[in-house]
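Undergrad: Test case, fold it:
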Amino acid sequence: MRKAGRTGILLAMLAAPAALSAQVNKPVKSITVRGTVEFTDPKADVQKVWLSKDNFSGKPVIVDSAVVGKDNTFTFNIKQDHQGVYIIDALHWDRASFWGDADVKVAMRGYDTARHKVKVPHYNFVEGSYDNNFINLMALNSELNYRRMIDEYNMEYYAKKATDTTWFAYMKNTKKYNPMREDYQVREETLIRSFIDRPVLVYALRGMASTENTAQYEKAMKMLETLIGRYPWLTEAQKLKQTILTNRAQAMKLKTGEPMPSVKYPSAQGTQEGLEKYKGKYLLVDFWASWCGPCRQAIPKVKELYSTYKDNGFEVVSISIDTDQKAWKKAMTEENMPWEQLLSDNKDKTMEQFQFSGIPTMYLIDREGKILERFTGYSEEAEAKVKDIVSKGTKAAPKKAASVPMTSF
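TA: Okay, here's the model as predicted:
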């Protein structure tokens, strides 16, 4: 992977031209996108790049495609009613997002040349306008957070395996100066404050408008209302408001104490299976995918939980959002998970039903089929909470679980 960036560049991005305030209310009607793809797919006869526009309804719309030339370049000429967020998908292996208020250039890596191929895009810097740099910085923040998460998972994993326990004891007992989640949030808040009056802020609000955190939700909605009033041409802000309201209503159905939605997915054996059969037991539902590094890092930890508590009424079900069945089955074989494996037959619908945009996402369900906890990512805190709930609950198992029907959206 390339280095993510340098301090001087990041600081320079925050210096806005004086004329921007006067120009920002004028929708830009056309721009040109020029790019290169460093590595192409040796198995593909035609190397293609797709361009989508994010309408903030949850699924970007493809607006154009281009064939990568022999010189590894591609070009898009965009005609639009107004600027917005675009996504470049290179060969279905690499992505980059940008704000379409000026011509842009991007050098993309493209195909994954590593021995173990993972379709997780690396950081791509897009040369464009001042507002576009907001997306550059937000994407960089996410990329650095992802890398740190992988590093911390790896360090903990190998520290536990070490014969000298000093390393693991230090990691477990030493308070971090800047924990990973706090580090990410501080950077994000600084960026939002720096671009608070810019239309491109809509890019951040879709993620900031948490449907679970009421305070964050209200703060994001207030900023969204300001954007709608200030930039009436920004239809994405209006669409995002409706999307957030819909997601908020869905999230309320997934709160602690609510019945787990009733769903059925194809199993590894080809049968349609639901979750109702696990009533009477504690159930950890793990949403994952073969290409998700953190998901696969978490599997050994989940195996430890399963091994410890399975004889006391604890079960696990993994639901993959893979769209490639071969990759899913290959990952299952490699990970050798001793619990039921299901495959979502509609990734977008599953992510909407269970209100997640990142994986692993896990739901802990009680004996009656009600939601106890939801975990985004697998952390020490999540593991400790599962252990505490399941260990206490399995000491005195009820004779018969209460029959509480699950609901569907």
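
Undergrad: what's the distance between Thr113 and Pro42?
TA: Computed as Cβ to Cβ, to the nearest Å, the Thr113 to Pro42 distance reads 10 Å. The C-beta positions use only the backbone N, C-alpha and C, and glycine is treated the same way.

Undergrad: what residues go with each domain of this protein?
TA: Structural domains assigned to the chain are 7-12+27-128, 140-252, 265-393, following automatic domain parsing.

Undergrad: Among those, single out whichever gets nearest to Glu258.
TA: Within the domains of the chain, the stretch nearest Glu258 is domain 265-393; the backing value is 5.4 Å (Cβ to Cβ).

Undergrad: returning to what we had before: lowest-confidence stretch among the domains of the chain?
TA: Within those, confidence is poorest for domain 140-252, with a mean of 86 (mean pLDDT).

Undergrad: That one spans what distance, first to last residue?
TA: 31 Å (Cα to Cα, to the nearest Å).

Undergrad: Identify the residues contacting Pro27.
TA: Taking Cβ atoms under 8 Å, 6 or more residues apart in numbering, we find Pro27 in contact with Gln80, Asp81, His82, Gln83, Trp233.

Undergrad: try 10 Å
TA: Listed by Cβ atoms under 10 Å, 6 or more residues apart in numbering, the contact set of Pro27 reads Gln80, Asp81, His82, Gln83, Gly84, Asp101, Pro199, Tyr231, Trp233, Leu234.

Undergrad: How about the backbone phi and psi for Met260?
TA: Backbone dihedrals for Met260, given as degrees, to the nearest 10, come out at phi -70, psi 130.

Undergrad: Just to check, it is in contact with Leu284?
TA: No - look at Met260 against Leu284 with Cβ atoms under 10 Å: they stay out of range, at 11.5 Å.

Undergrad: buried stuff in the helix or strand where Glu383 lies?
TA: Mapping Glu383 onto the secondary structure by DSSP states H and E places it in helix 380-393. Of the residues in helix 380-393, those buried under the neighbour-count criterion (16 or more other Cβ atoms under 10 Å) are Ala382, Glu383, Val386, Ile389, Val390, Gly393.

Undergrad: Just list what that helix packs against, helices and strands only.
TA: Taking 3 or more Cβ pairs under 10 Å, 6 or more residues apart in numbering; DSSP states H and E as the contact definition, the neighbouring helices and strands of helix 380-393 are strand 282-288, helix 293-309, strand 314-320, strand 361-365, strand 371-376.

Undergrad: Show me the one of those that comes nearest Asp164.
TA: That would be, of the helices and strands packed on helix 380-393 and by Cβ to Cβ, helix 293-309, which comes in at 20.4 Å.

Undergrad: ok, longest strand in this structure?
TA: strand 30-39 (DSSP state E).

Undergrad: what inclination does the following helix or strand past that one have with respect to strand 30-39?
TA: As assigned by DSSP H and E, the chain's next helix or strand after strand 30-39 is strand 48-53. Compare the direction of strand 48-53 with that of strand 30-39 by axes from the mean of the first three to the mean of the last three Cα atoms, to 10 degrees and you get 140 degrees.

Undergrad: returning to what we had before: identify, from the contacts of Pro27, the entry nearest to Thr308.
TA: Ranked by distance to Thr308 (Cβ to Cβ), the contacts of Pro27 are led by Gly84 at 49.5 Å.

Undergrad: Please consider this matter closed, and thank you.
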